[in-house]
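Student: Based on what follows, work out the 3D shape:
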Amino acid sequence: MWWAPNKRPPVRHLSPRPRLCLLGLALLFLGACSRNGAPPPALPSPLFTGHEAKRRILLTFPASQKAGFVNVDREIYGTASMVAQAKQILMALMAGPTPAETQALACFGPQSTYLEVYLDGKGLAVVDLPSSTVDALPGGTSSEVATLYCLVHTLCSDVPQVSRVQVLIDGQSAESLRGHFDIQDPLSVSDF
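Tutor: Residues are numbered from 1 along each chain as shown. The predicted structure follows:
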């Protein structure tokens, strides 16, 4: 838009709320940068308050030193919401084994995440993965089966109401993760 030479363009002022948001973001950025690349401290999660009692879970990972799989003990917050618990479990599984858990290998790629997790109350968990997480998975039949095995076994063993897992990619049903194992129907432990 052109302005007359004698007129100044109108000035848009931010309301106080956006200015405070921008200030807060700038402070977070500066705080993160001032620690020489160290990640910012963990913020409270919307999945738990941190005041809930913890409960034990078993994460299933591919074994590093032999054929098969291993279970690794972890803890999550025992929230009243089973969906929040399922999301905590999935986040722990996607984060992979800790450096001390040398008997286990990761079943998801680095920076894996999920879009959503739903529980239908009738034994079905729906896990919606973004295509970026699926694309980061290693190729090959055995890797795809290992990822699905770990996902299904972990959720079915740690979430009492879950006996089947339906995997979606970007909110849509898919034939497979990487072209090897049929995921069009819900998977149960007996499918492996």
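
Student: where are the low-confidence patches of the protein?
Tutor: 1-45 (pLDDT under 70).

Student: thinking Phe69 is in contact with Leu59, fair?
Tutor: No. With contact defined as CB atoms under 8 Å, Phe69 does not count as touching Leu59 (10.2 Å). The C-beta positions use only the backbone N, C-alpha and C, and glycine is treated the same way.

Student: more neighbours, those two?
Tutor: Between Phe69 and Leu59, counting by other CB atoms under 10 Å, Leu59 is the more crowded of the two (24 against 17).

Student: what are the pairing partners of the helix or strand that one falls within, and which direction each?
Tutor: With elements taken from DSSP states H and E, the one containing Leu59 is strand 54-62. Paired with strand 54-62 in the same sheet, following DSSP bridges, are strand 69-77 (antiparallel).

Student: so after the strand it pairs with, what's the next helix or strand?
Tutor: Next in line after strand 69-77, if elements are assigned by DSSP H and E, sits helix 82-95.

Student: That next one relative to strand 69-77, how many degrees between them?
Tutor: Between helix 82-95 and strand 69-77, the angle comes out at 130 degrees (axes from the mean of the first three to the mean of the last three CA atoms, to 10 degrees).

Student: Not counting sequence-adjacent ones, nearest residue to the residue nearest to the spatial centre of the chain?
Tutor: The residue lying closest to the centre of the chain (CA atoms, centre = their mean) is Thr113, at 3.3 Å. Excluding the flanking residues, the one nearest Thr113 by CB to CB, 6 or more residues apart in numbering is Thr133, at 5.9 Å.

Student: Mind listing residues that contact whichever strand or helix holds that neighbour?
Tutor: According to DSSP H and E, Thr133 maps onto helix 131-135. For helix 131-135, contacts defined as CB atoms under 8 Å, 6 or more residues apart in numbering pick out Met94, Phe108, Gly109, Ser112, Thr113, Tyr114, Ile169, Asp170, Leu177, Arg178.

Student: and the gap between His180 and Leu148?
Tutor: 9 Å (CB to CB, to the nearest Å).

Student: higher neighbour count, these two?
Tutor: Legend: neighbour count by other CB under 10 Å for His180 and Leu148, higher for Leu148 (23 against 16).

Student: Are we agreed that the more buried one is in a helix?
Tutor: Yes. Leu148 forms part of a helix when assessed by DSSP: H, G, I helix; E, B strand; the rest coil.

Student: Who are the contact partners of it?
Tutor: Neighbours of Leu148 in contact, by CB under 8 Å, 6+ apart: Val167, Leu177, Phe181, Ile183, Leu187, Phe192.

Student: run the last query once more with 7 Å
Tutor: Leu177, Phe181, Ile183, Leu187 (CB atoms under 7 Å, 6 or more residues apart in numbering).

Student: Strands of the chain, residue ranges please.
Tutor: With DSSP state E as the criterion, the chain has strands at 54-62, 69-77, 116-119, 124-129, 164-169, 172-173.
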